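1. Starting from these lines, generate the structure:
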Amino acid sequence: MNQMETYYVVRRTEKKDEEFAVIDAMSLDEARAIFGVRHKADKEAMTEGEAFYIFQTNEMLMLDENHRLVFPKGLMSIIEKW
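-> Model (predicted):
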């Protein structure tokens, strides 16, 4: 039986990465679907080069000295605009 897990959503912009949301879901796919519904306007407002990263909270969210995400181990879903 699956249990709820917590997923971070990090927003990447031209200047920095930042924690954007936390989503409780049964799987990474479900977290991505929930993000798509809850943050549809944010997703549609993305500009070229921006991205959202969704990943399980197995580790603490870490940013480097340039305010960029230190990618955690494990699965991640990426939503980006080219």
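
2. what are the ranges of the strands in this structure?
-> 5-12, 17-25, 51-56, 76-80 (DSSP state E).

3. packing partners for the longest one?
-> When contacts are defined as 3 or more Cβ pairs under 8 Å, 6 or more residues apart in numbering; DSSP states H and E, strand 17-25 sits against strand 5-12, helix 28-38, strand 51-56. For the C-beta atoms, the positions are set from N, CA and C on the backbone; glycine is no exception.

4. Same check on the shortest one?
-> Strand 76-80 sits against helix 28-38, strand 51-56, with contacts defined as 3+ Cβ pairs under 8 Å, 6+ apart.

5. Could you export those as a markdown table, including distance to Val10?
-> Shown next, in a markdown table, are the helices and strands packed on strand 76-80 (distance: least, Cβ to Cβ, whole Å):
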| stretch | distance to Val10 |
| --- | --- |
| helix 28-38 | 11 |
| strand 51-56 | 5 |
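
6. Which one of those lies nearest to Glu44?
-> helix 28-38 (10.4 Å; Cβ to Cβ).

7. Not counting its own residues, what contacts the closest one?
-> 5, 7, 9, 21, 23, 25, 43, 52, 54-56, 75-77, 79 (Cβ atoms under 8 Å, 6 or more residues apart in numbering).

8. and it, how far from the chain's centre?
-> 10 Å (Cα atoms, centre = their mean, to the nearest Å).
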